[in-house]
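Student: Based on what follows, work out the 3D shape:
(chains A and B)
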Amino acid sequence: MIRKALAVALWIATAATAPAAAQAPKPAQVAASVRRLFGRDVRIDTLRADSSLVLRVSRRDSLLGFARVGNVRGKDQPITWLVAVDPALRLRDVDILVYREPYGGEVAYEAWRRQFRGKAPDAPLAVGRDIQGISGATISVNAVTTAVRRTMGDFSRWRQRGLLR
Amino acid sequence: MQLRRLAALSLILLPIHVCALAAQSEATTTLGGYGEVHYTNRTGAGTPGEATLKRFVLYVAHAFDERLSLRSEVELEDARLESGSPAGEVSVEQLYLDYRLSSALTLRGGLLLPPVGIINEAHEPPTFNGVARPDFDHDVIPTTWREIGVGVAGAMPKFQGLNYRLYLVNGLVAAGFSADEGIRAGRQEGQNAVFANPSITGRLEYVRPGMRVGTSFWYGGSAAQDPLLGKGAFDNAVALLSADARLERGGFALRGVFATIHVADADRINAAYGGAVASRITGGYVEGAYNLLRLLAPRSTQAFNGFVRYERFDTQAEVPAGVMRDATRARRYTTLGVTYKPIYNVAVKGDYQLRRNRARAGEDEVFRLGLGYQF
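Tutor: Numbering: from 1, shown residues only, chains lettered A, B, ... in the order given. Next up is the predicted model:
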């Protein structure tokens, strides 16, 4: 328990001092998103992979998956996303933590995000191929899809280098 | 027990750090823009092909903090401005401040785009097929329509997929209305706009993956306190109703818009200014497109759309007593063309347009090529 508290404190401290702090999501929001995806009683630790922070999610001794938070630019503002994967790096869900622009906010809708669920680590994740776009939200749709695709690539590389355990 | 203690601990810890994070928000400025080059060649004698740098638009956005932001577009039309030449125009296409209270409610003020139809709000070249914007979006919905005002926008919290916008803006000015272009020249576009006729405009839309349907309206007077028309806020009211849909499935895309505009007491407008302004302007278009690369190169993320658009509109659909309807104003335009998009923000276009009207007079055909981008 103390370890978990430490992990949360460490993560908050890191988030607060990171250069992207201006666009950092609220820690409570990140925790709420992870709990919504993995269950209420999960334990969240943090791992370092390259310069990125990865959330490791577990319950008792079983690993449930990993999650990562980041920003991608939409038309003019960052879109703050969370990508969660299971231990086999299958895509568990995508969450939009903060959306700041006047148009394109539909990427946060459940009906669009649920297309990502269950995608394999090497799925194409391309708008118009395996991800259906949203008319009138092209920039946001492409931005988020690209961010998810890159994150899946990062997870795979980190796994190969033994950083995800 | 331990769990509870931790929960208590996070409750104490989190709010402090949340405040710290919120306070750290810093301002960001973003540059964007769009542009398009057109080549146009009409059939008929004495109409050589013509190329113009149709639009060069700079988009500047600034986020003062997480809630307060500014968005603006400055446009140069036809490459340059020179004194004594009627060509070219520099204008601010939009400029507004947003105060975002939540995803359900943003307060907005400035030079706003009435949220009517498809093209008025989304007019960047890669977002539509065809080199030129649809003629309907020129003569019926006077794109790019912008007026000064305040309003609210957001997503309905209880019903995901439903968005709204509602603005109070300055009115149109009836002195600019015409038989050929409807209410177009009645726009004030943010320049010393007469605010005698506050107007309301709004939109409700429903969005799903692959689908966006919306309905829009405008209502407001246009007399501008001209003694010949009237002093009332709603004198010579212009009432516009519009519906639109955009559907995408597989490589197919279908879009359509319909609008009808009623101008009250058009006879008095004509008596005052000597025009032939209609009491009703109406029309719309449907467009079908298919991304041919779905067949030729299914793994490609590029797009090569073939499309057909049929526009039908009449700027004199109904006229007041004493005005003769001119059947050349009942237009039927068919456009066939292609749009190649190496990436979604860049478009190379070509199309051929058959311009017909009910009178079968003065008809012609137009061939166009274009380049466009947005970022």
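Student: tally of neighbours for A:Asp93?
Tutor: When neighbours are defined as other C-beta atoms under 10 Å in any protein chain shown, A:Asp93 has 21 of them. Where C-beta positions appear, they are placed from N, C-alpha and C, glycine not excepted.
Student: Got the confidence number for it?
Tutor: The confidence metric pLDDT takes the value 97 at A:Asp93.
Student: partners of the helix or strand containing it in the sheet?
Tutor: Under the criterion of DSSP states H and E, A:Asp93 resides in strand A:91-98. Next to strand A:91-98 in the sheet, as set by DSSP bridges, lie strand A:78-85 (antiparallel).
Student: I'd like the distance from the partner strand to the chain centre, please.
Tutor: Averaging C-alpha positions (C-alpha atoms, centre = their mean, to the nearest Å) puts strand A:78-85 3 Å from its chain's average.
Student: Double-check that A:Ser140 belongs to a strand.
Tutor: No. Looking at A:Ser140 with DSSP: H, G, I helix; E, B strand; the rest coil, it is helix, so not inside a strand.
Student: Report the separation between it and A:Arg114.
Tutor: Noted for A:Ser140: a distance of 16 Å to A:Arg114, by C-beta to C-beta, to the nearest Å.
Student: With neighbour numbers in mind, choose between those two.
Tutor: Ranked by neighbour count (other C-beta under 10 Å), A:Ser140 and A:Arg114 place A:Ser140 first, with 27 against 12.
Student: Burial check on the closest residue in space to that one that isn't next to it in sequence, number of neighbours?
Tutor: Using C-beta to C-beta, 6 or more residues apart in numbering or on different chains and skipping residues adjacent in sequence, the residue nearest A:Ser140 is A:Gly104, 3.3 Å away. Other residues within reach of A:Gly104 by the criterion other C-beta under 10 Å amount to 22.
Student: for B:Val74, same thing?
Tutor: 16.
Student: For it, list each beta-bridge partner.
Tutor: Applying DSSP bridges to B:Val74 yields these beta-bridge partners: B:Leu58, B:Val92.
Student: Pull the contacting residues for it.
Tutor: For B:Val74, the contact set (C-beta atoms under 8 Å, 6 or more residues apart in numbering or on different chains) comprises B:57-58, B:60, B:90-93.
Student: Mind giving me the PyMOL command for buried ones among those residues?
Tutor: Buried subset of the contacts of B:Val74, written as a PyMOL selection, criterion 16 or more other C-beta atoms under 10 Å in any protein chain shown:
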select buried, chain B and resi 57+60+91+93
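Student: what pLDDT does the residue nearest to A:Ser140 get?
Tutor: At A:Gly104, the model reports a pLDDT of 95.
Student: picking up where we left off before, give me the contacts around the strand holding A:Asp93.
Tutor: For strand A:91-98, the external contacting residues (C-beta under 8 Å, 6+ apart) are A:23, A:25, A:29-30, A:33, A:36-38, A:65, A:69, A:78-86, A:107-108, A:113, A:116-121, A:123, A:144, A:148, A:152, B:66.
Student: mind listing which of the residues you listed are in helices?
Tutor: Mapping the contacts of strand A:91-98 onto helices (DSSP state H) picks out A:29-30, A:33, A:36-38, A:113, A:144, A:148, A:152.
Student: of those residues, buried ones?
Tutor: A:29-30, A:33, A:37-38, A:113, A:144, A:148, A:152.
Student: Now narrow those to whatever sits close to chain B.
Tutor: When contact is defined as C-beta under 8 Å from any C-beta of the partner chain, these do not meet chain B at all.
Student: I'd like to know which of the residues you listed is nearest to B:Thr52.
Tutor: Using C-beta to C-beta, A:Val144 comes nearest to B:Thr52 of those, at 36.1 Å.
Student: How about the contacts made by the nearest residue to that closest one once chain neighbours are set aside?
Tutor: Leaving out its chain neighbours, the residue that sits closest to A:Val144 by C-beta to C-beta, 6+ apart is A:Val107, at 5.0 Å. Counting by C-beta under 8 Å, 6+ apart, A:Val107 makes contact with A:79, A:96, A:99, A:113, A:134, A:137, A:140-141, A:144.
Student: hmm, back to that, kindly format the C-alpha coordinates of the strand holding A:Asp93 as CSV.
Tutor: Only the C-alpha atoms of strand A:91-98 are listed here, as CSV (Å, rounded to 0.1, in the frame of the first residue of the first chain):
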residue,chain,number,x,y,z
LEU,A,91,-5.7,-2.8,-27.2
ARG,A,92,-8.1,-2.6,-24.3
ASP,A,93,-9.4,0.9,-24.8
VAL,A,94,-8.7,4.4,-25.8
ASP,A,95,-9.9,7.3,-23.6
ILE,A,96,-10.0,11.0,-24.3
LEU,A,97,-9.1,12.7,-21.0
VAL,A,98,-9.2,16.3,-22.2
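Student: what comes up buried for it?
Tutor: Under the neighbour-count rule (16+ other C-beta under 10 Å), strand A:91-98 has A:91-98 buried.
Student: Strands along the stretch 251-375 of chain B, start to end?
Tutor: For the stretch 251-375 of chain B, strands defined by DSSP state E, counting those that start in this stretch occupy the ranges B:252-263, B:280-291, B:303-318, B:330-341, B:346-357, B:364-374.
Student: Figure out which of the ones you listed is closest to B:Gly49.
Tutor: When the strands of the stretch 251-375 of chain B are compared by C-beta to C-beta, strand B:364-374 sits nearest B:Gly49, at 8.0 Å.
Student: Pairing partners for the strand ranked longest in chain A, with directions?
Tutor: Secondary structure of chain A per DSSP state E: the longest strand is strand A:62-73. Partner strands for strand A:62-73, per DSSP bridges, with pairing direction: strand A:52-59 (antiparallel), strand A:78-85 (antiparallel).
Student: now the ones you listed in TSV, with mean neighbour count, mean pLDDT and distance to B:Gly370?
Tutor: Formatted as TSV, those follow (neighbours: other C-beta atoms under 10 Å in any protein chain shown; pLDDT from 0 to 100; distance: least, C-beta to C-beta, whole Å):
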stretch	mean neighbour count	mean pLDDT	distance to B:Gly370
strand A:52-59	18	93	42
strand A:78-85	24	96	30
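Student: Mind putting those into a markdown table with distance to B:Arg294?
Tutor: Below are the strands paired with strand A:62-73 laid out as a markdown table (distance: least, C-beta to C-beta, whole Å):
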| stretch | distance to B:Arg294 |
| --- | --- |
| strand A:52-59 | 36 |
| strand A:78-85 | 28 |
